[in-house]
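# Using only what follows, build the 3D model:
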Amino acid sequence: MPHAIRPRQSAPTTGARGRRSSLQVEPLTCTIGAELSGVSLADAARDEELFAEIRELLLQYKVLFLRDQDITGGEHVAFASRFGSLEDHPVLGSDPEHPGLVRIYKDLNSKPEHYENALHCDATWRECPPMGSVLRCVETPEVGGDTIWVNMAEAYRRLPEHIKAQIADLRARHSIESTFGAVMPMEQRHQLKARYPDPEHPVVRTHPETGEQILFVNSFTTHLVNFHTPDNVRFGQDHAPGAANLLNYLISQAAVPEYQVRWRWRKNSVAIWDNRCTQHYAVQDYWPAVRKMERAGIVGDQPF
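Sure thing, here's the model as predicted:
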């Protein structure tokens, strides 16, 4: 049975400025996601007690959703910065007035790139992938453009025991060159890889705050680096298909609906997610409509 999320009773609290908070929490599925209401992220950026409660809820539900957050870029950055330093993206554009606020704008003039509509964990091609992100909807189609998040701790928990034993000590490479770099000319692609050499991460990482075990492979993962051992390979021909089949099986676990929550965007909706234990997929079903999002990514630590 899945590890069920239990509804949380939320009572009004008094913030640092004497303001009464009426934060309400509504779980959206049995395994991941909750919608918060009665709270402004602009207030949470200034209120230590309120922010601490939101951070605790994030650890519990892994992704939090809010509506009607009519906040400025500065307030967006201020709230996200409470979690830690923000990072830019080497390929996507950022707001010049708010470093760390990445613009993900899709319109009729956008290049036909398909990086978001794959189940992925942000920037695992970094030695230290992001801790999480705060994403706000600036403009969205009337229908379409939803985003799906996946609980990868639950995906690991429900693996067969013999698979858990097989992958316990495996490690894998993750690449920006083979994803964002694939459309670049060779020289530019090599320069990108030189800036971000393919890091090696554990296939099963440990959450540094909750201690959960997490299945940590996604569409940035290229190959297992320590599969070719006498226990796994009888003959040389076992190596490539055995490793590739196992990796593909592990990556496919994110597609299981029981581990997922799907969010329908409206203007000024916000999602806050823990990138250490989730994957997500932005559904690109809305062309020729316009979809504009702004994301503040938070610097993380090295997976272990």
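# Report how many residues lie close to E142.
Neighbour count for E142, taken as other C-beta atoms under 10 Å: 8. Bear in mind the C-beta positions are built from the backbone N, C-alpha and C, glycine included.
# quick one: the helices in the stretch 101-250 of the chain?
152-157, 161-167, 186-195, 239-252 (DSSP state H, counting those that start in this stretch).
# closest one to W273 among those?
Taking C-beta to C-beta, helix 152-157 is the member of the helices of the stretch 101-250 of the chain nearest to W273, at 11.3 Å.
# from the chain's centre, how far out does that closest one sit?
How far helix 152-157 lies from its chain's middle: 14 Å, per C-alpha atoms, centre = their mean, to the nearest Å.
# quick check: mean pLDDT across stretch 174-188?
Averaging pLDDT along stretch 174-188 gives 93.
# hey, C-alpha coordinates of it in CSV?
The C-alpha trace of stretch 174-188 is given here as CSV (Å, rounded to 0.1, in the frame of the first residue of the first chain):
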residue,chain,number,x,y,z
HIS,A,174,24.0,12.9,-15.7
SER,A,175,24.5,15.2,-18.7
ILE,A,176,23.6,18.7,-19.9
GLU,A,177,25.6,18.1,-23.1
SER,A,178,23.2,15.3,-24.3
THR,A,179,20.1,17.4,-23.4
PHE,A,180,20.3,21.2,-23.6
GLY,A,181,23.5,20.8,-25.6
ALA,A,182,22.2,18.5,-28.3
VAL,A,183,20.9,21.2,-30.6
MET,A,184,24.1,23.3,-30.3
PRO,A,185,27.0,23.3,-32.8
MET,A,186,29.7,20.8,-31.7
GLU,A,187,32.2,23.5,-30.4
GLN,A,188,29.5,25.2,-28.4
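# Next, the residues that contact that stretch from outside, please.
With contact meaning C-beta atoms under 8 Å, 6 or more residues apart in numbering, stretch 174-188 is reached by 90-91, 113, 115, 123-125, 189-190, 192-193, 196, 198-199, 201, 218-222.
# Which of the residues you listed are buried, as a PyMOL select command?
Burial among the contacts of stretch 174-188 is assessed by 16 or more other C-beta atoms under 10 Å; the matching PyMOL selection reads:
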select buried, resi 115+123+124+125+189+192+193+196+198+199+201+218+219+220+221+222
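# hmm, back to that, deepest of the helices of the stretch 101-250 of the chain, which one?
helix 152-157 (a mean of 24; mean count of other C-beta atoms under 10 Å).
# Against which helices or strands is that helix packed?
strand 213-215 (3 or more C-beta pairs under 8 Å, 6 or more residues apart in numbering; DSSP states H and E).
# Okay, buried residues for the strand it packs on please.
In strand 213-215, counting by 16+ other C-beta under 10 Å, buried: 213-215.
# same thing with stretch 98-116?
98, 100-104, 106, 115-116.
# can you name the two of the residues you listed that are farthest apart?
Applying C-beta to C-beta across the buried residues of stretch 98-116, the maximum distance is between H98 and Y115, 22.2 Å.
# by contact count, what packs against the helix or strand where L58 lies?
Taking DSSP states H and E as the criterion, L58 maps to helix 48-61. On a contact count with 3+ C-beta pairs under 8 Å, 6+ apart, helix 48-61 meets strand 13-14, strand 24-27, strand 34-37, helix 41-44, strand 63-66, strand 270-274.
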